[in-house]
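Visitor: Fold the following and give me the result.
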Amino acid sequence: MDKEIFNEYIETRYQSQPSYYSKASSKNQNRYKQLQWVLIILTAVLKTFQYQELWINYRATSELLKPEIYYYKFGVGPYSENGIDRETLFV
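Guide: Presented below is the predicted three-dimensional model:
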């Protein structure tokens, strides 16, 4: 390779590369840190307000309540016992 071509390569291509990669590195570092903070904040909010636990508990309660009206209407389970007030038991 010709020395003049090599020097031109150094000046036009190589000299700018360390600066480019340094800027790209800083940009990606900042994005990473910002996303880490978002993750920390989201995790803290989720743990504080316990949305997942509430969701599961509400869903389970909803599923338990659905068949109860049918048990009452058809006198099944505890509603089949003699001498009980079925409406009070249902409530």
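Visitor: you'd agree Q52 is up against L46?
Guide: Yes. Q52 is within contact range of L46, at 6.9 Å (criterion: Cβ atoms under 8 Å). All C-beta spots, glycine's among them, are computed from the backbone N, C-alpha and C.
Visitor: any low-confidence regions in this structure?
Guide: Residue ranges of the chain with pLDDT under 70: none are present.
Visitor: how is it carved up into domains?
Guide: 1-48, 50-91 (automatic domain parsing).
Visitor: Run the chain-centre distance for the helix ranked longest in the chain.
Guide: In the chain, with assignment by DSSP state H, the single longest helix is helix 17-49. How far helix 17-49 lies from its chain's middle: 17 Å, per Cα atoms, centre = their mean, to the nearest Å.
Visitor: Give me the buried positions along that helix.
Guide: With burial defined by 16 or more other Cβ atoms under 10 Å, not one residue of helix 17-49 is counted as buried.
Visitor: Packing partners of that helix?
Guide: Using 3 or more Cβ pairs under 8 Å, 6 or more residues apart in numbering; DSSP states H and E as the contact criterion, no helix or strand is in contact with helix 17-49.
Visitor: oh, and call the first residue 174 from now on, that's how I've got it
Guide: With the count now opening at 174, the last piece we talked about shows up as helix 190-222.
Visitor: next SSE after it?
Guide: helix 224-238 (DSSP states H and E).
Visitor: what's next to that next one, contact-wise?
Guide: L219 (Cβ atoms under 8 Å, 6 or more residues apart in numbering).
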